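J.: this one's sequence-less:
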């Protein structure tokens with residue numbers, strides 16, 4: 001027998017009434033002209049013609065009540081719209097179901113029929129078989145064209161919170177938030193669904209999504225650690241065959257599906273506060289070696305498993321650094337894992353090393369944060385010496401003007417500036433003690449100096465915007481994305497910058513959406529030569545190798561059409577190209 005545990009319905013009505021007559025519009029109008037005097041002007045070109053079956057109608061009034069909807073249901077001079085959401089929790093046999101029904105009904109003015117759309121999303125738990133299902137019914141009012149989807153899911157898909165988000169979105173479009181407490185209703189229906197499942201009452205101190213998952217684990221006889229909930233959201237999760245092979249020990253089964261081995265890793269997994277997968281851990285092992293990483297303290301291995309960091313190439317530093325330098329690099333890598341050093345700064349450090357190593361003896365000697373910052377600045381000075389020149393970045397003025405508009409926040413005004421000339425790049429490096437000046441020739445980077453206060457203030461952020469081409473069969477445009485935001489000496493910014501950075505991101509999104517960035521060029525003079533270049537788009541194919549599997553990724557990247565831009569100056573002009581290998585950098 002079907003038992004209804006919860007039911008809540010909300011409706012939204014929209015009625016637009018039109019007049020049954022239209023004013024007569026004159027075909028001609030007399031106007032005064034300074035030269036011809038009084039003349040007649042035809043209005044036929046500006047007059048709306050009824051090229052559609054429903055014609056031209058004059059608006060009268062809007063209504064939003066059910067009474068008006070019913071009153072005008074048969075009135076052809078009205079446009080009608082009904083949106084209804086029904087939320088229900090039911091129990092039948094061994095199943096508890098949570099369903100959200102969306103019903104849309106509309107008719108245009110002078111229409112002869114209503115357009116109807118329906119949708120149902122649901123989540124069902126069978127507490128006899130411990131199986132969780134999710135699914136949907138599209139156009140459930142139709143017999144033949146109803147699209148049905150149902151699948152058994154694992155808890156790492158976070159199905160309960162997915163339904164929570166769907167319910168909030170459904171309510172937000174039709175409910176007056178001042179009159180209806182949406183979060184309370186959502187929490188009430190979720191709690192009703194979970195409480196209806198026998199066994200969940202044993203875990204009253206847990207969140208609803210935790211209670212249903214813990215009940216599932218205990219019912220299956222799975223042995224879990226104390227931090228089981230921190231491990232449940234990673235993908236993939238162990239399946240029953242993995243649990244059987246590991247005697248229903250969750251940690252062992254999780255290590256099996258992620259191909260992890262060793263007592264140290266098992267010990268660390270029992271203590272992690274989050275588990276973002278093994279990509280970061282595997283990347284560290286591919287760079288430094290499995291044995292080396294596993295010989296590190298538990299705290300460092302735990303850091304690798306808890307965080308999802310950007311990856312470096314597997315061969316970074318190999319064949320370039322000596323054994324001692326590689327050890328120094330590892331100390332900086334640990335700072336990167338702790339969030340104290342940006343990955344792009346490390347990539348730049350290797351870029352400097354490769355060029356300088358061809359020009360003069362150079363060694364990676366830094367092991368601490370302060371030493372690395374100083375060494376990075378010193379190398380950028382040398383890099384600039386070998387690649388100096390007077391360059392000018394060329395963008396369309398609409399883009400520059402839009403970025404350079406003052407940003408107003410609760411803390412006061414901020415003044416962004418798109419860096420254009422070598423002089424402005426060098427000025428930024430001087431104030432910030434960083435390597436911004438070396439970016440002037442980097443084709444896919446737009447540099448912005450964001451100042452807190454007007455003038456050449458030292459309270460500023462250096463921001464790199466990455467430019468990537470999006471190529472479609474019949475269209476190409478640029479995508480812009482903020483990838484580096486650093487303070488003086490490449491330090492992280494505090495929370496006081498969050499508001500202005502959010503507003504800057506919105507401005508960049510607007511520029512991309514409206515396609516206001518359409519020019520990317522450079523000109524310059526060095527070594528007694530003048531050069532100019534537009535951008536070009538090149539294809540690349542990159543081969544990767546990990547865990548005995550070879551993969552090939554393809555895409556496009558930006559380059560300067562005139563490769564003289566990327567040559568050294570008169571010191572070694574036409575001898576050594578500046579490093580610009582897309583297969584070795586994450587740009």
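T.: Yep, that arrived. It should be emphasised that the depicted structure is a prediction, and the values quoted were computed from it without experimental measurement.

J.: Is it correct that residue 106 is in contact with residue 82?
T.: Yes - with contact defined as CB atoms under 8 Å, residue 106 counts as touching residue 82 (7.3 Å). (Each C-beta comes from the backbone N, C-alpha and C, glycine too.)

J.: and stretch 355-370, how far apart are its ends?
T.: Length of stretch 355-370, first residue to last, CA to CA, to the nearest Å: 23 Å.

J.: Buried residues in that stretch, which are they?
T.: Using 16 or more other CB atoms under 10 Å as the burial criterion, the residues of stretch 355-370 that qualify are 355, 356, 362, 364, 366, 367, 369.

J.: Redo the residues you listed as CSV? Include secondary structure, distance to residue 265 and pLDDT.
T.: As requested, the buried residues of stretch 355-370 are exported to CSV (DSSP: H, G, I helix; E, B strand; the rest coil; distance: CB to CB, whole Å; pLDDT from 0 to 100):
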residue, secondary structure, distance to residue 265, pLDDT
355, helix, 39, 84
356, helix, 39, 85
362, coil, 37, 89
364, coil, 29, 94
366, coil, 30, 93
367, coil, 27, 93
369, helix, 28, 91
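
J.: ok, now which ones touch the most centrally placed residue in the chain?
T.: Nearest to the geometric centre of the chain sits residue 481, at 10.0 Å (CA atoms, centre = their mean). Neighbour list for residue 481: 465, 466, 468, 508 [criterion: CB atoms under 8 Å, 6 or more residues apart in numbering].

J.: how far away is the last one from residue 400?
T.: Taking CB to CB, to the nearest Å as the measure, residue 508 and residue 400 are separated by 13 Å.

J.: Neighbour count for the two, which is higher?
T.: Between residue 508 and residue 400, counted using other CB atoms under 10 Å, residue 508 has the larger neighbour count: 22 against 18.

J.: mind listing what that one touches?
T.: 403, 465, 480, 481, 482.

J.: In strands only, show me these.
T.: The members of those that map onto strands under DSSP state E are 465, 480, 481, 482.

J.: Farthest pair within those residues?
T.: 480 and 482 (8.0 Å; CB to CB).

J.: which residues do these two both contact?
T.: Residues touching both residue 480 and residue 482 by CB under 8 Å, 6+ apart: 465, 466, 508.

J.: Spatially nearest residue to the first one (excluding sequence neighbours)?
T.: Read that as residue 465. residue 446 (4.2 Å; CB to CB, 6 or more residues apart in numbering).

J.: what do you get for residue 102?
T.: residue 119 is the one closest to residue 102 (CB to CB, 6+ apart), at 4.5 Å.

J.: in which helix or strand would I find the one you found?
T.: strand 115-126 (DSSP states H and E).

J.: What mean pLDDT does the following helix or strand past that strand get?
T.: Where DSSP H and E defines the elements, the next helix or strand beyond strand 115-126 is strand 131-138. Mean pLDDT, strand 131-138: 91.

J.: Just the angle for strand 131-138 relative to strand 115-126, thanks.
T.: Counting by axes from the mean of the first three to the mean of the last three CA atoms, to 10 degrees, strand 131-138 lies at 170 degrees to strand 115-126.

J.: one step back: give the bridge partners for the residue nearest to the centre of the chain, please.
T.: Taking DSSP bridges as the rule, residue 481 bridges to residue 466.

J.: about what we covered before: which outside residues touch the strand holding residue 119?
T.: 94-107, 131-141, 159-160, 163, 166, 193, 197, 212.

J.: ok, back up a step: residue 480 and residue 482: which is more packed in?
T.: residue 480 (20 against 15).

J.: Counting neighbours, what do you get for residue 240?
T.: Residues near residue 240, counting by other CB under 10 Å: 11.

J.: about what we covered before: including distance to residue 180, could the buried residues of stretch 355-370 go into JSON lines?
T.: Converted to JSON lines, the buried residues of stretch 355-370 look like this (distance: CB to CB, whole Å):
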{"residue": "355", "distance to residue 180": "63"}
{"residue": "356", "distance to residue 180": "65"}
{"residue": "362", "distance to residue 180": "66"}
{"residue": "364", "distance to residue 180": "61"}
{"residue": "366", "distance to residue 180": "59"}
{"residue": "367", "distance to residue 180": "59"}
{"residue": "369", "distance to residue 180": "52"}
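
J.: Looking only at neighbour counts, state which of residue 106 and residue 82 leads.
T.: Higher neighbour count among residue 106 and residue 82: residue 82, with 19 against 15, using other CB under 10 Å.

J.: and the more buried one, helix, strand or coil?
T.: Secondary structure, DSSP: H, G, I helix; E, B strand; the rest coil: residue 82 is strand.

J.: Show me what it is bridged to.
T.: residue 13, residue 105.

J.: List the residues that contact it.
T.: 11, 12, 13, 14, 69, 103, 104, 105, 106.

J.: What is the neighbour count of the closest residue to the last one other than its chain neighbours?
T.: Meaning residue 106. Residue nearest to residue 106 in three dimensions, not counting chain neighbours: residue 81, with 4.6 Å by CB to CB, 6+ apart. Residues lying near residue 81 (other CB under 10 Å) number 18.

J.: swap in the one 4 residues further on?
T.: Counted with other CB under 10 Å, the neighbours of residue 85 add up to 19.

J.: buried stuff in the helix or strand hosting it?
T.: Here residue 85 sits within strand 78-92, counting by DSSP H and E. Residues of strand 78-92 classed as buried by neighbour count (16+ other CB under 10 Å): 78-91.

J.: do stretch 138-153 as well
T.: Quick answer for stretch 138-153 (16+ other CB under 10 Å): 138, 139, 140, 153.

J.: Between the residues you listed, which sits nearest residue 534?
T.: Among these, residue 138 lies closest to residue 534 (CB to CB), at 48.2 Å.

J.: The closest one reaches residue 146, doesn't it?
T.: Yes - with contacts defined as CB under 8 Å, residue 138 counts as touching residue 146 at a distance of 6.9 Å.

J.: Any idea what residue 470 is bridged to?
T.: Here residue 470, judged by DSSP bridges, has bridge partners residue 477.

J.: what number of residues lie near it?
T.: 11.

J.: Now do the contacts for it.
T.: Applying CB under 8 Å, 6+ apart, the residues near residue 470 are 476, 477, 478, 479.

J.: just to revisit the earlier point, can you add pLDDT and give the ones in strands among the contacts of residue 508 back as JSON lines?
T.: Formatted as JSON lines, the ones in strands among the contacts of residue 508 follow (pLDDT from 0 to 100):
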{"residue": "465", "pLDDT": "95"}
{"residue": "480", "pLDDT": "95"}
{"residue": "481", "pLDDT": "93"}
{"residue": "482", "pLDDT": "94"}
